[in-house]
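Sharing a model prediction with you, sequence too.
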Amino acid sequence: MITIKSEKEIEIMRQAGRMLARVMEELRNKVEIGITTKELDRAAEALIFKLGAKPAFKGYDGFPATLCTSVNYVIVHQIPSDYKLKNGDIISLDMGLIYKGFFSDMAITVPVGEIDIKTKKLIDVTKNSLIKGIKTIKPGRHIGDISFNVQKYIEQSGFNVVRDLCGHGIGKNLHEDPQILNYGNKGEGEEMKKGMVLCIEPMASIGDSRIKKFSDDFGWQTKDNSLSAHFEHTVAVTKTGYQILTTKC
């Protein structure tokens, strides 16, 4: 069942989103050659607690960390480790927090050192597909409209949509209805209404769109070990359109 949030509840989620965006910006600035993904995780947890919030992912379905640190061909949910980031890597930072009983969720993909042109294009296209999806949001339109625009942009740019993972509603729970696929047709799915809060999170790969479990039993990777990118925002449906909640201001 899709829950409609009140203005008061959305204001709390806006505060949570601003906190999360601040933490994510600090983490982005810490990404460098030689840092371990465990160090990024420890920094994320310390920053969240400092802001008076709680990590959303730690303990969720047994996940042992605050931050998902998915490197190169791992799409999502990789556990932080002693792996030291190398020049040419890309890393997806995916994280959520809880503030006053409400969740916020966000992801970015960050280059490490120098990356090649095709990898940079993958990151840019995935990020831009998120914006394309968000700009679709408006009461009276359908979830499938978001899915269609994300898929169209990614595929026209020469990459593949990861189809077996998707976005979701969010609120007092991390994952709520509706599911938001990154492929689909206009006019399909639930009608968007004021007060819905959605996590839009496109995932794209350079190669095969099919996935398999990563060796840590939490992460999902591309089946052919091709590079992937992932971006996500928490977004509220407003009377006339949308508001991105996971921004610093």
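Noted; the coordinates are in hand.

So which residues of this structure form helices?
7-30, 37-50, 117-135, 143-156 (DSSP state H).

what's the spacing between the last one and its chain's center?
Helix 143-156 sits 16 Å away from the centroid of its parent chain (C-alpha atoms, centre = their mean, to the nearest Å).

swap in the second one?
Chain-centre distance of helix 37-50: 18 Å, with C-alpha atoms, centre = their mean.

just the longest one next, same as before
For helix 7-30, the distance between its averaged C-alpha position and the chain's averaged C-alpha position is 13 Å (C-alpha atoms, centre = their mean).

Which residues in it does the neighbour count mark as buried?
9-10, 12-24, 27 (16 or more other C-beta atoms under 10 Å). Placement of C-beta: from N, CA and C, glycine included.

Now do it: everything it contacts.
Here helix 7-30 makes contact (C-beta atoms under 8 Å, 6 or more residues apart in numbering) with 5, 39-40, 43-44, 47-48, 51, 53, 67, 93, 95-106, 108, 110, 170-171, 195, 197, 234, 236, 243-249.

Mind doing that once more with 7 Å?
By C-beta atoms under 7 Å, 6 or more residues apart in numbering, the residues outside helix 7-30 that reach it are 5, 40, 43-44, 47-48, 51, 53, 93, 95, 97, 99-100, 102, 104, 106, 108, 110, 197, 234, 236, 245-248.

mind saving the C-alpha coords of it as CSV?
Only the C-alpha atoms of helix 7-30 are listed here, as CSV (Å, rounded to 0.1, in the frame of the first residue of the first chain):
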residue,chain,number,x,y,z
GLU,A,7,3.3,18.3,5.0
LYS,A,8,4.7,17.9,8.6
GLU,A,9,6.0,14.4,7.7
ILE,A,10,7.6,15.6,4.5
GLU,A,11,9.3,18.5,6.4
ILE,A,12,10.9,15.9,8.7
MET,A,13,12.0,13.9,5.6
ARG,A,14,13.4,17.1,4.1
GLN,A,15,15.5,17.7,7.2
ALA,A,16,16.7,14.0,7.0
GLY,A,17,17.5,14.5,3.3
ARG,A,18,19.5,17.6,3.9
MET,A,19,21.5,15.7,6.6
LEU,A,20,22.1,12.8,4.2
ALA,A,21,23.2,15.1,1.4
ARG,A,22,25.7,16.8,3.7
VAL,A,23,27.2,13.5,4.8
MET,A,24,27.4,12.3,1.2
GLU,A,25,29.2,15.4,0.1
GLU,A,26,31.8,14.9,2.8
LEU,A,27,32.2,11.3,1.8
ARG,A,28,32.6,12.3,-1.9
ASN,A,29,35.5,14.5,-0.8
LYS,A,30,37.1,11.7,1.1
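
how many degrees apart are that helix and helix 37-50 in direction?
If you take axes from the mean of the first three to the mean of the last three C-alpha atoms, to 10 degrees, helix 7-30 sits at 140 degrees to helix 37-50.
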